[in-house]
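Trainee: Using only what follows, build the 3D model:
(2 chains)
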Amino acid sequence: MKFATWNVNSLKVRLPQVVDWLTAHRVDVLCLQEIKLSNAQFPSAEFEALDYRSVYAGQKSYNGVAILARTAISFDETDVIRNIPGFNDPQQRLIAATLAGIRVLCAYFPNGQAPGTDKFAYKLEWIDALCNWLTKEIIRYPKLALMGDYNIAPAAVDVCDPFRWEGLNLFSPDERAAFARLCALGLVDAFRCFAQEEKSYTWWDYRAGALRRNAGLRIDHILLSSPLAAACVRCTIDKTPRRWPQPSDHVPVIAEIEMSGIDG
DNA sequence: ATGGCTTGCACCGCAAGA
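Mentor: Prediction:
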C-alpha cells in the first residue's frame, strides 16, 4: 500500500492538480495539509468520483487538513480524531483515522515564524502536546504513521545551505530536539531508511528562483512506528508537481508498505 | 541582499507562509 502526504497550499487552487496526481499515482492514502477551506467547502464529490473517501478538519482561510483513502480500504468512522486531544486550539492542524488497520495521523505543524516569537513558542507547545498524546496513541495503535508538513528540517543534510540556515526557523536546535523527541517515541523517518539522492528536498520558496537553484528544505515527513518501518520497502519524493504551472511550494512524499510483511 | 512569490480577504494593501 502507498501512503502519501502533500501540503497543497490551498485545495481550492490546487484541486485540479490533486485530482491529476491521484489519477496518475493511485496511492491508497493521501494526507493533505493547508487545505485553507471550511468543511462546507470541502470537495468530497470530486474525490468520490475517483473512488476516494475523505475525512477532514477544515478551517476558513488558513490551515486545515484532510485524509483521502481509496473506498476499498477498511475504515472505521467512529475513531476519527480532529485536533490533539486535550490541547485547546482553534487552528485545524491534525486529523487521525484508522485505515486498513493502520493509524494514520495527518499533521500540519505550526510554521513558527522565528525563534523567540510567540508563534515559535506555540510551535513548540503544539509539538509537546502532540508528543504527550502520541505516547498513549502509539500503545493503542502500534501500527501508526505520522505524516505531514512538520516545518522542521531534521538534519543538515535536509537543508540546502545548513550554515546559513543554522539557528533560523525550520532548522533551529529547539526544533531539531522536538523532532528527536518524536523519534524517541519509536518512530522512524521513512525517507532515511533508504539510500536517497543528495540534496533531496520537499519545499522550495516561491521567490528568488529557489527551485531552479534547488535551494530547498526537507520539511515534509513520514514517520513510521516499528512494525510499519520494518515493512516499508520504499520512500520517495515526487518533485514533478513543483514544476507544474501554479504549483504548491511543497511536493508529495510517498511511502510504500508491504502489508503482508507487517507483524503485530 | 531580510527581498524575492503566492494565497486569502478585503478592499484598492494587508497578513501569513517557510
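
Trainee: Okay, helices next: where are they in chain A?
Mentor: A:11-25, A:44-48, A:118-140, A:162-165, A:173-184, A:226-231 (DSSP state H).

Trainee: Could you list the residues in contact with the second one?
Mentor: So the one you mean is helix A:44-48. By C-beta atoms under 8 Å, 6 or more residues apart in numbering, the surrounding residues in contact with helix A:44-48 are A:15, A:19, A:22, A:53, A:54, A:68, A:71. Heads up, the C-betas are built off the backbone N, CA and C, glycines and all.

Trainee: okay, now the last one: neighbour count?
Mentor: Looking back up the chat, that one is residue A:71. By the criterion of other C-beta atoms under 10 Å, residue A:71 has 11 neighbours.

Trainee: Check the second one too.
Mentor: Taking other C-beta under 10 Å as the criterion, the count of residues near residue A:19 is 16.

Trainee: Spit out the contact partners of the nearest residue to residue A:130 once chain neighbours are set aside.
Mentor: Excluding the flanking residues, the one nearest residue A:130 by C-beta to C-beta, 6 or more residues apart in numbering is residue A:84, at 5.6 Å. Each residue near residue A:84 by C-beta under 8 Å, 6+ apart is listed here: A:94, A:126, A:129, A:130, A:133.

Trainee: any low-confidence regions in chain A?
Mentor: A:264 (pLDDT under 70).

Trainee: Enumerate the residues of the stretch 1-150 of chain A near DNA strand B.
Mentor: A:7, A:9-10, A:12-13, A:34, A:36, A:60-62, A:110-111, A:113-114, A:119, A:149 (C-beta under 7 Å from any atom of the strand).

Trainee: gap between the nearest residue in space to residue A:174 that is not next to it in sequence and residue A:82?
Mentor: Take residue A:174 and drop its neighbours on the chain: the residue closest to it by C-beta to C-beta, 6+ apart is residue A:124, 6.2 Å away. From residue A:124 across to residue A:82, the span is 22 Å (C-beta to C-beta, to the nearest Å).
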